[in-house]
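A.B. asks: how would this look folded up:
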Amino acid sequence: MGHLDHATFGWLTPVLSYAMACIGAALGLRCTVRALGSTGRSRRNWLFTAASALGTGIWTMHFVAMLGFSVNGTDIRYDVPLTILSLLVAVVVVSAGVFAVGYSRDRNRALLLGGLTTGLGVASMHYLGMAAVRLHGDVHYDPMLVGLSVLIAVVAATAALWAALNIRSTVAVTLASLVMGAAVSSMHYTGMFAVSVHVTPSGTPLPGATAMQFIFPLAVGLGSYLFLTSAFVALSPTAGEREASASAQRPVTPATR
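C.D. replies: Numbers count the residues shown, from 1 in each chain. Take a look at the predicted model:
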């Protein structure tokens with residue numbers, strides 16, 4: 001059995017991946033709050049921004065954490081198409097959950113169905129990402145820990161959608177994003193602790209790209225997207241601010257004597 005190290009660079013990758021999850025969660029919540037206060041095209045655009053932020057935040061968390069993953073006795077490579085597919089899955093399933101909650105009239109039902117769909121999608125993203133790993137040996141999973149990781153994903157997704165519907169203040173959003181980031185990180189590392197590897201030493205070159213060749217640049221790019229989008233959301237006026245500005249600009253009608 002190969003020895004697995006989930007933190008090759010010490011606390012750097014766990015802390016940085018947690019930060020990415022928190023930023024994606026906070027941005028997703030803020031955008032959903034804006035969406036629920038908007039109508040028409042504006043609502044759709046805010047929901048899309050929320051879904052892309054949550055999806056990319058979760059994916060970036062996963063693969064930043066994977067930068068610290070290593071197995072003694074073998075190199076590790078990543079299948080590029082499968083890795084990109086895992087990103088698309090993350091964004092699509094989170095979009096389904098966010099749009100269901102954003103447009104459904106029966107929000108309790110949408111919350112349950114959206115949480116289940118999104119949670120299963122997040123788990124699928126994680127295990128698709130693991131399926132993209134190429135190494136000299138065989139990868140095995142502990143079914144109990146896999147099941148627990150899926151359960152955590154569903155609960156975390158449901159909690160995220162609930163928070164999007166019920167939380168409005170900046171302080172509450174910040175606290176909720178910290179909790180959601182912890183939940184997403186817990187799901188990831190629970191899934192990783194389910195992994196065991198039987199190494200088969202070989203001199204054959206592995207197919208795929210190294211983490212630094214592919215995952216690191218992509219994670220940096222998506223992380224930059226999250227930071228830039230956060231700045232855009234922070235600088236965009238809320239519905240209340242736009243209404244107050246419009247009221248201030250209306251001409252004052254002279255009083256009738």
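A.B. asks: Name the helix or strand for the most centrally placed residue in the chain, please.
C.D. replies: Nearest to the geometric centre of the chain sits Ile58, at 2.0 Å (CA atoms, centre = their mean). Ile58 belongs to helix 40-66 when assigned by DSSP states H and E.
A.B. asks: For that helix, name the packing helices and strands.
C.D. replies: helix 12-36, helix 80-103, helix 107-131, helix 170-193, helix 216-235 (3 or more CB pairs under 8 Å, 6 or more residues apart in numbering; DSSP states H and E). Any C-beta I mention is one placed from the backbone N, CA and C, and that applies to glycine too.
A.B. asks: on contacts alone, who are the packing partners of the shortest one?
C.D. replies: It stands for helix 216-235. helix 12-36, helix 40-66.
A.B. asks: and Ser17, what is it in contact with?
C.D. replies: Ser17 sits next to 60-62, 64-65, 185, 188 when contact means CB atoms under 8 Å, 6 or more residues apart in numbering.
A.B. asks: Show the contacting residues for the closest residue to Ile76 other than its chain neighbours.
C.D. replies: Among residues not flanking Ile76 along the chain, Leu135 sits closest, at 5.2 Å (CB to CB, 6 or more residues apart in numbering). Neighbouring residues of Leu135 by CB under 8 Å, 6+ apart: 71, 74-77, 197, 199, 206.
A.B. asks: Let's see that with 10 Å instead.
C.D. replies: Leu135 makes contact with 2, 70-71, 73-77, 197, 199-200, 202, 206, 208 under the criterion CB atoms under 10 Å, 6 or more residues apart in numbering.
A.B. asks: Now go through those residues and say which are in strands.
C.D. replies: 70-71, 76-77, 197, 199 (DSSP state E).
A.B. asks: and those as JSON lines, adding pLDDT?
C.D. replies: Putting the ones in strands among the contacts of Leu135 into JSON lines (pLDDT from 0 to 100) gives the following:
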{"residue": "Ser70", "pLDDT": "89"}
{"residue": "Val71", "pLDDT": "89"}
{"residue": "Ile76", "pLDDT": "90"}
{"residue": "Arg77", "pLDDT": "90"}
{"residue": "Val197", "pLDDT": "91"}
{"residue": "Val199", "pLDDT": "90"}
